[in-house]
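K.L.:
Sequence and computational prediction follow.
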Amino acid sequence: MDEIMSSAPLAGSLTLLDMLIVGAAVAGLFVIAFIVGRKEKNLDDFFLGSRKIPFLVAALAFVATEVSAVTIVIVPGQGMKNLQYLQFFIGSAAAKVLVAFLFLPVFFKHNCTSIYQYLRERFGPASQYAGSLFFFVTRMLGSGVRLTATCIAVSIILGWTFWQALLLFTVVSIVFIGVGGVKAVVWTGAYQSIVFYGAGLAVAIWGLCQIPGGVGHFWQTAHDAGRLSVFNFNWDLSAQTGFWVGMSSAFFVGLAVFGTDQEMVQRLLTVETRRGSQKAILATIVAALAIVLLYSLLGTVMFVFFQQFPQTMADINRFNSGVGANDVFPAFIAVAVPMGLKGLMLSAILLASIDSPLSSLSSSFVMDIYRPLMAKNRSQRHYLWVSRAAIAGFGLVLAGLATLCRGVDNLLWFAFQIISVTGGALLGVFLLGILTKYGNNRGNIAAMLISSLAMVVMLFLCNYGPVGLQNFFGLTSMPAPADEPKIIPLAWGWSIVIGTLLTFALGMILGGRTRQAPSEERELVETEAIAK
């Protein structure tokens, strides 16, 4: 163990080799962005890459966005306990199949640049504006969490302050995406995914090589300690890690993220044909499983490593007091991993953050809000200028949100809870439009607002008992008992399921049956005009 520790540089420092690796990784990002992102002529170029992206490249870019810094930084901490996070993947994979054959055909049929244009075609402008605004709230809060995770990791590994890391990512993301548009995002996303695989695999192999007895001893130790448990077939509906809760929650979260989130779907819309787009999202099932499994097993490797070398955990605690799920893996990289590998993993974390939502936020703002409401019939050059200005504005807002998220205990679960509040409302309206002939603008907006407010209340009631809830709002100074039962004995993962169904039902009841969608009315008028 002494040899291992002596081969690593002091925590919070990088060797020349590490710096060269990080520099090369980031330089590769900008070289690719410059090559593929030159000569953006119009919004179709800037937001869809003229639909000329190969499906495999789009698939890898999709995975890079799906994985993000939250997976790379925080999932290993969950993997130290068990592998039950993988349960979510079953529901997520099923959601991708449904998105491929239910959502994508609709988006390609209506030639959407922003997927919320479909809501305009189906219901009218107000539903489009509401959908876009809900996307802004969901994606910006979720991306704030992702940016927080990355800044924490980089500050630990490099010994920087949180603010230094935040400034770096904010400036780099604005410049990178503002110059290259979605083509830069997609092609560099494929490059990022390759770095994620390589860095995770390299650190896992190194960790296994340090464990006496090799893979066999590692596996036996992890198995005896229950760290290889994947499934928890617990019928307790209040157990968040139970199979049925996890699978149901992941299925609806997957539909919301992969089917109604502009950031994710934008990658798929860069492919020329609907069939190619479907191939891309189906390919991500295997590609994403490989990354999630790899970084979950990295947590298991850390657990056995700490069992064999307890001094490492003591060193980590001295280096970063109060280490928890959010920062145990970055601290492990900083303290135990040798030079070269430290730079490689830092490169993966850096690239995971630079793949930001700024392009999708800008496209939704310009296509759903600015162009139809604020500045109709302007030149393509004007809209491109506004798009780049919006990227800078959203980058600054994300930096502010990341600052607010610093005190969150478990960023992984917090990210899922954000989606549970607004994601179900947005998903419910899309399903209403795709599956039924019901709904209108007023009914949709009312349903989305009621559902979101109800899910906020539900999250509080599922997470707190009576005393804990009073304590949260400062109504009492009495600490809540550790075993206090929750007011609603349900896992918060059910909230997106209930929110989606509630929005869907309210949309049908409040909206009534739609005679014809706005797009169908236009087609009828055009047909009658031709006939005359």
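P.N.:
Alright, I've got the coordinates.

K.L.:
Show me what the helix or strand where residue 265 lies is in contact with.
P.N.:
Using DSSP states H and E, residue 265 sits in helix 262-269. Under the criterion C-beta atoms under 8 Å, 6 or more residues apart in numbering, residues 47-48, 51, 58, 61-62, 65-66, 103-104, 107-108, 112-116, 135, 139, 182, 185-186, 189, 257-259, 277, 280-281, 357, 359-361, 363-364 lie in contact with helix 262-269. Heads up, the C-betas are built off the backbone N, CA and C, glycines and all.

K.L.:
So among those residues, which ones count as buried?
P.N.:
47-48, 58, 61-62, 65-66, 103-104, 107-108, 112-116, 135, 139, 182, 185-186, 189, 257-259, 277, 280-281, 357, 359-361, 363-364 (16 or more other C-beta atoms under 10 Å).

K.L.:
and residue 26, how many neighbours?
P.N.:
16 (other C-beta atoms under 10 Å).

K.L.:
Also residue 21?
P.N.:
22.

K.L.:
how close does it sit to residue 195?
P.N.:
From residue 21 across to residue 195, the span is 10 Å (C-beta to C-beta, to the nearest Å).

K.L.:
go on, residue 278?
P.N.:
Where residue 195 is concerned, residue 278 sits at a distance of 27 Å (C-beta to C-beta).

K.L.:
now residue 282
P.N.:
Residue 282 is 23 Å from residue 195, by C-beta to C-beta.

K.L.:
more crowded one of those two?
P.N.:
residue 195 (21 against 17).

K.L.:
can I assume that one is in contact with residue 348?
P.N.:
Yes - using C-beta atoms under 8 Å, residue 195 is in contact with residue 348, at 5.2 Å.

K.L.:
dump the residue contacts of the residue nearest to residue 255 when sequence neighbours are not counted.
P.N.:
Using C-beta to C-beta, 6 or more residues apart in numbering and skipping residues adjacent in sequence, the residue nearest residue 255 is residue 95, 4.7 Å away. By C-beta under 8 Å, 6+ apart, the contact set of residue 95 is 250-255, 258-259.

K.L.:
redo that, cut-off 10 Å
P.N.:
103, 250-259, 281, 285 (C-beta atoms under 10 Å, 6 or more residues apart in numbering).

K.L.:
How about residue 138?
P.N.:
Counted by C-beta under 10 Å, 6+ apart, residue 138 has contacts 256-257, 260-261, 263, 418-423, 425-426, 452.

K.L.:
Tell me the secondary structure at residue 229.
P.N.:
Here residue 229 is recorded as coil under DSSP: H, G, I helix; E, B strand; the rest coil.

K.L.:
excluding its backbone neighbours, what's nearest it?
P.N.:
Nearest to residue 229 is residue 82, by C-beta to C-beta, 6+ apart, at 4.4 Å.

K.L.:
wait, is the one you found part of a strand?
P.N.:
No - with three-state DSSP as the criterion, residue 82 is coil rather than part of a strand.

K.L.:
Neighbours of it, how many?
P.N.:
Neighbours of residue 82 using other C-beta under 10 Å come to 23.

K.L.:
State the distance from it to residue 303.
P.N.:
10 Å.

K.L.:
shared neighbours of these two, which are they?
P.N.:
With C-beta under 10 Å, 6+ apart as the test, residue 82 and residue 303 both reach 222, 225, 227.

K.L.:
Make a ChimeraX selection of the buried ones in these.
P.N.:
The ChimeraX selection below is limited to those of those classed as buried (16+ other C-beta under 10 Å):
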select :222,227
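
K.L.:
I'd like to know which of the shared contacts of residue 82 and residue 303 is nearest to residue 148.
P.N.:
Set against residue 148, the nearest of the shared contacts of residue 82 and residue 303 by C-beta to C-beta is residue 227 (27.0 Å).

K.L.:
separation between that closest one and residue 397?
P.N.:
39 Å.

K.L.:
Need the residues touching each of residue 21 and residue 195.
P.N.:
Common neighbours of residue 21 and residue 195 (C-beta under 10 Å, 6+ apart) are 344-345, 347.

K.L.:
Most neighbours among those residues, please name it.
P.N.:
Highest neighbour count within those, by other C-beta under 10 Å: residue 345, with 30 neighbours.

K.L.:
right, and that residue touches residue 339 too?
P.N.:
No - taking contacts as C-beta atoms under 10 Å, residue 345 lies outside contact range of residue 339: 11.5 Å.

K.L.:
Any chance you could list residues touching both of those two?
P.N.:
18, 21.

K.L.:
count of residues packed around residue 428?
P.N.:
The burial count for residue 428: 29, using other C-beta under 10 Å.

K.L.:
Do me a favour and average the pLDDT over the longest helix anywhere in the chain.
P.N.:
For the chain, the longest helix by residue count, based on DSSP state H, is helix 162-210. If you average the pLDDT over helix 162-210, you get 80.

K.L.:
Tell me which helix or strand comes right after it.
P.N.:
helix 214-224.

K.L.:
so how far is stretch 126-134 from its chain's centroid?
P.N.:
Using C-alpha atoms, centre = their mean, to the nearest Å, the mean C-alpha position of stretch 126-134 is found 20 Å from that of the whole chain.

K.L.:
Sort out which residues of it are buried, please.
P.N.:
127-134.

K.L.:
Stretch 215-232: end-to-end distance?
P.N.:
One end of stretch 215-232 sits 25 Å from the other (C-alpha to C-alpha, to the nearest Å).

K.L.:
Quick check on residue 491: phi, psi?
P.N.:
Dihedral pair for residue 491: phi -70, psi 140, per degrees, to the nearest 10.

K.L.:
That one reaches residue 462, doesn't it?
P.N.:
Yes - between residue 491 and residue 462 a contact is recorded at 6.8 Å, counting by C-beta under 10 Å.

K.L.:
wait, what's in contact with the residue most central in space within the chain?
P.N.:
Centroid-nearest residue in the chain, with C-alpha atoms, centre = their mean: residue 66, separated by 5.0 Å. Applying C-beta under 10 Å, 6+ apart to residue 66 gives the contacts 92, 96, 189, 193, 254, 257-258, 263-264, 267, 284, 287-288, 291-292.

K.L.:
ok so, going back, so the residue nearest to residue 255 belongs to a helix, correct?
P.N.:
Yes - per three-state DSSP, residue 95 lies within a helix segment.

K.L.:
And the helices in the stretch 351-500 of the chain, which stretches?
P.N.:
358-364, 380-404, 411-435, 441-463, 466-472, 494-511 (DSSP state H, counting those that start in this stretch).

K.L.:
what's the first one packed up against?
P.N.:
Secondary-structure packing of helix 358-364 (3 or more C-beta pairs under 10 Å, 6 or more residues apart in numbering; DSSP states H and E): helix 43-48, helix 125-158, helix 162-210, helix 262-269, helix 380-404.

K.L.:
tell me the mean pLDDT over that helix?
P.N.:
71.
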